[in-house]
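[1] Here is a sequence together with a model predicted from it:
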Amino acid sequence: MKKRLISAVLLSTVILSTVSATFTVSADDTDAKIAAQDAKIASTKSAESSAQAEVSTIQSQVDSLKSKQDKLKNDTADLLKESQKLQVKILSLTKEIAERDESLKAQARSAQTDGAATSYVDAVVSSKSLSDVVTRISAMRTIVKANDDMLKQQEAAKKELDESVKSNQAKVDEGYKLIDEMDAQAKTLDTRQAELKVAQLNLSAERASAEGEKQSLLDQKAAAQQQAAQAAAAEKAYNDQVKAAATTNADTTAAINTNTNTNTNTNTNTNTDGGGSATPTPQPTPQPTPTPTPQPTPTPQPSNNTYPVGQCTWSAKVLAPWAGNNWGNGGQWAASAAAAGFSTGSQPRVGAIASWNDGGYGHVAVVTAVQSATSIQVSECNYAGNQSIGNYRGWFNPTNCQGSVTYIYP
């Protein structure tokens, strides 16, 4: 009997120790996975910070380009004004040149180079005195000099006109060149900004996925710890029962020994007197009833999430993997869940999904804390423009925002 009791105790101790060790190994493995997710989240946040720094740098370049573009617009406006003034001056020079051409043509007809000697002879012959001769010759020389001066002025005016036209054209060409350069810079910046937006969205999605996996691991760890506590309680209850059985067995053994001694004395006396002997009937020893080892409750595993990353429905599926994959927009989730067999109601519970129906797309979030029906906290996504999962509202009243609210229970 004692051997059976000791064997039972040893067997139960081995079983319970094995269960506890299993839970311990599971918890250690979960802690390692959580640490890995923390490292992944930290790395993703660092990458997001780097991307944000580059976004700030590009924004500075955009601001600088805008400043240059504004200056170019002002320079272009000044260039246009200068061009208008130049056009007026060109028209004036053109008119002046035309008038001088007519004057030169008239003088050429009256005093050409080939007829200059005849004109001088006529002037001398027709003169009345020597002083008249000098006067006429001086006048003719003045006319010839004036013709030369007019020709020089005309050539200078043409040269000035050509230089003005060339200068204006150079300014126009420089303006077009600057415009082309800024257009190229603007296109490069637009491309880089688009690439950064894609990178930021990918990082946000990766971090949200890592945070969702971490939450799932935390839930698994909590479940494992609860199971370990249940196993420890079962082990303690079993040990207490074994001790109680051992105490009862000792008392029974002592009683049997006492009865045996009494019967032996009686038998001796009876034999002396010539009577028959009496044999004591053995009493059964009570055996401890082993407590069944609690079996671990399976933790729901996340299924594929088909909702768009960064939307409220996506984050709700990440935080509550038991939710369906085809429940529609946030405002349709309560009806879809009810049709799928889930319980719904108006009272908030931790772990439940809150579904607001505003007549449009609606919104969903997972309840993380409850004070009352008008004071809760949630984890959500796509609230106030935030595309990652987080608690953005703290304590708030769910009944006076985003339409009517219905809770979906796991």
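    Received the coordinates, thanks.
[2] all strands in the protein, in order from the N-terminus.
    Listed in chain order, the strands of the chain (DSSP state E) span 344-345, 353-357, 363-372, 375-379, 404-408.
[3] Pick the most deeply packed of those strands.
    The highest mean neighbour count among the strands of the chain, using mean count of other Cβ atoms under 10 Å, belongs to strand 353-357: a mean of 25. Where C-beta positions appear, they are placed from N, C-alpha and C, glycine not excepted.
[4] returning to that earlier point: same list, the strands of the chain, but as JSON lines with distance to Q154 and mean pLDDT please.
    Shown next, in JSON lines, are the strands of the chain (distance: least, Cβ to Cβ, whole Å; pLDDT from 0 to 100):
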{"stretch": "strand 344-345", "distance to Q154": "99", "mean pLDDT": "97"}
{"stretch": "strand 353-357", "distance to Q154": "87", "mean pLDDT": "97"}
{"stretch": "strand 363-372", "distance to Q154": "83", "mean pLDDT": "97"}
{"stretch": "strand 375-379", "distance to Q154": "88", "mean pLDDT": "98"}
{"stretch": "strand 404-408", "distance to Q154": "91", "mean pLDDT": "97"}
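[5] Which helix in this protein has the most residues?
    Longest helix of the chain, by residue count under DSSP state H: helix 130-273.
[6] Report the angle between it and strand 363-372.
    Per axes from the mean of the first three to the mean of the last three Cα atoms, to 10 degrees, the angle that helix 130-273 makes with strand 363-372 is 50 degrees.
[7] Tell me which helix or strand in the chain has the weakest average pLDDT.
    When each helix and strand of the chain is scored by mean pLDDT, DSSP states H and E, helix 116-125 comes last, with a mean of 60.
[8] pretty sure G330 contacts T313?
    Yes - counting by Cβ atoms under 8 Å, T313 is a contact partner of G330 at 5.9 Å.
[9] list the residues that contact both of those two?
    V364 (Cβ atoms under 8 Å, 6 or more residues apart in numbering).
[10] contacting residues around C401?
    W356.
[11] And C381, how close does it get to I389?
    C381 sits 5 Å away from I389, going by Cβ to Cβ, to the nearest Å.
[12] Find residues that contact each of those two.
    Counting by Cβ under 8 Å, 6+ apart, the residues touching both C381 and I389 are 208, 315.
[13] Going along the chain, name the helices of the stretch 301-410 of the chain.
    Residue ranges of the helices in the stretch 301-410 of the chain, as given by DSSP state H, counting those that start in this stretch, are 312-319, 333-339.
[14] hey, which of these is tucked in deepest?
    helix 312-319 (a mean of 26).
[15] Mind listing residues that contact it?
    So helix 312-319 is contacted by 208-209, 212, 215, 302, 305, 307-308, 323, 325, 327, 329-330, 333, 353, 363-366, 379-383, 389 (Cβ under 8 Å, 6+ apart).
[16] remind me which residues of the chain are low pLDDT?
    Low-confidence segments of the chain (pLDDT under 70): 1-27, 107-125, 127-128, 235, 238-239, 241-303.
[17] Quick one: neighbours of Q87, just the number.
    12 (other Cβ atoms under 10 Å).
[18] D75 now?
    Neighbour tally, D75, other Cβ under 10 Å: 14.
[19] Please report how far the residue nearest to it when sequence neighbours are not counted lies from E181.
    Nearest residue to D75, sequence neighbours excluded (Cβ to Cβ, 6 or more residues apart in numbering): G175, at 6.7 Å. Distance of G175 to E181, given as Cβ to Cβ: 11 Å.
[20] Looking at the two now, which is surrounded by more residues?
    G175 (16 against 12).
[21] What separation do you get for that one and A184?
    In terms of Cβ to Cβ, G175 sits 15 Å off from A184.
[22] and what of Y361?
    From Y361 to A184 the distance is 41 Å (Cβ to Cβ).
[23] And for T76?
    Distance from T76 to A184, by Cβ to Cβ: 17 Å.
[24] Also K33?
    Taking Cβ to Cβ, one finds K33 at 49 Å from A184.
[25] who's more crowded, the two?
    K33 (16 against 10).
[26] How about the contacts made by the nearest residue to the more buried one once chain neighbours are set aside?
    Residue nearest to K33 in three dimensions, not counting chain neighbours: L217, with 5.2 Å by Cβ to Cβ, 6+ apart. L217 makes contact with 30, 33-34, 37 under the criterion Cβ under 8 Å, 6+ apart.
[27] Make TSV from these and add distance to Y407 to it.
    Formatted as TSV, the contacts of L217 follow (distance: Cβ to Cβ, whole Å):
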residue	distance to Y407
T30	29
K33	30
I34	28
Q37	28
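[28] Which two of those residues have the greatest separation?
    T30 and Q37 (10.4 Å; Cβ to Cβ).
[29] For the residue nearest to M150 when sequence neighbours are not counted, grab the count of nearby residues.
    Leaving aside its chain neighbours, M150 sits nearest to R100 (5.5 Å; criterion: Cβ to Cβ, 6+ apart). R100 has 15 neighbours, counted by other Cβ under 10 Å.
[30] measure R100 to A156 for me?
    11 Å.
[31] what does A334 give?
    91 Å.
[32] again, but for G310
    Counting by Cβ to Cβ - G310 and A156 are separated by 73 Å.
[33] Could you check which of those two is surrounded by more residues?
    G310 (17 against 10).
[34] residue contacts, the residue lying closest to that one once chain neighbours are set aside?
    Leaving aside its sequence neighbours, G310 sits nearest to Q387 (Cβ to Cβ, 6+ apart; 3.9 Å). Contacts for Q387 (Cβ under 8 Å, 6+ apart) come out as 201, 204, 208, 310, 381.
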